[in-house]
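**Q** Quick check, what structure comes out for this input:
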Amino acid sequence: MTIVEVERHGLVAIGEGDHPAAYQAVEWLRSSQPAIGAVANPVRMHVEVLRRFGGLAPRALVGGQFKPGQGDQTQFAVAVATFDLFDADEEPTCTSKLWKEPFTVGLPIEFAQAVSSALSEGPGLPAGTLTIDRAGFDLVNSSEMIFGQATAVLKTAMAAQLSGQDADAAARSLVSTW
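**A** Now for the predicted structure:
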């Protein structure tokens, strides 16, 4: 895992491989966009984003796997998890690399919609399927905006890696525009 810090913009932790923030999907949000190129190898990545605005610290964790496929489209599948606000203490958690408090594992519908929307923007990916199936949120410090930004970093880092470029440099460039 690497940590990218862009002064006055935010911190991003980028990791490859599996992440313990896996959750059960109760529904899937699906979309697609035209693909660019082709690739032979699957990639699994996750990103954690932490921003700071005065006393606020918006943060999000998003991860997924890209599997190459045939055709001229990149398919996106975002797993939506159920979450019971009244039983918040009973929900599973996972550690944060950038903050002292853990994340609640899962992706409630309002954050899943932001993730799905963000996938349709930014760099294109090769033909295949990107499945978002890892996520963590903060009951107080997460929002649709931060999940959109985390998804943009994930997609940018994946696009860079799939095209043989430096994922950290691509993430740094994106974060510096915030």
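**Q** C-alpha only now, for contacts and for neighbours.
**A** Noted.
**Q** all helices in this structure, in order from the N-terminus.
**A** Listed in chain order, the helices of the chain (DSSP state H) span 109-119, 144-162, 167-175.
**Q** How about the contacts made by the nearest residue in space to residue 18 that is not next to it in sequence?
**A** Among residues not flanking residue 18 along the chain, residue 44 sits closest, at 6.7 Å (C-alpha to C-alpha, 6 or more residues apart in numbering). The neighbours of residue 44, taking C-alpha atoms under 8 Å, 6 or more residues apart in numbering as the test, are 16-18, 63-66.
**Q** again, but for residue 26
**A** Per C-alpha under 8 Å, 6+ apart, neighbours of residue 26: 79-82.
**Q** Please spell out the segments of the protein that come in under the pLDDT threshold.
**A** Across the chain, the ranges flagged by pLDDT under 70 are 84-89.
**Q** residue closest to the middle of it?
**A** residue 62 (2.9 Å; C-alpha atoms, centre = their mean).
**Q** Grab the nearest non-local neighbour of it.
**A** Residue 62 sits nearest to residue 135 (C-alpha to C-alpha, 6+ apart), 4.5 Å away.
**Q** same check, this time on residue 150
**A** With C-alpha to C-alpha, 6+ apart as the criterion, residue 150 has its nearest non-adjacent residue at 5.7 Å, and that residue is residue 49.
**Q** and the one you found, how many residues sit next to it?
**A** Summarising burial for residue 49: neighbours were counted as other C-alpha atoms under 10 Å, giving 29.
**Q** and it, bridged to which residues?
**A** The residues listed as beta-bridge partners of residue 49 by DSSP bridges are residue 12, residue 60.
**Q** Is it correct that it is in contact with residue 13?
**A** Yes: contact criterion C-alpha atoms under 8 Å: residue 49 and residue 13 qualify, at 6.6 Å.
**Q** Common neighbours of those two, please.
**A** Shared between the contact lists of residue 49 and residue 13 (criterion: C-alpha under 8 Å, 6+ apart) are residues residue 98.
**Q** got the helices of the chain as CSV, with distance to residue 126 and mean neighbour count columns?
**A** As requested, those are arranged in CSV below (distance: least, C-alpha to C-alpha, whole Å; neighbours: other C-alpha atoms under 10 Å):
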stretch, distance to residue 126, mean neighbour count
helix 109-119, 13, 20
helix 144-162, 8, 24
helix 167-175, 16, 19
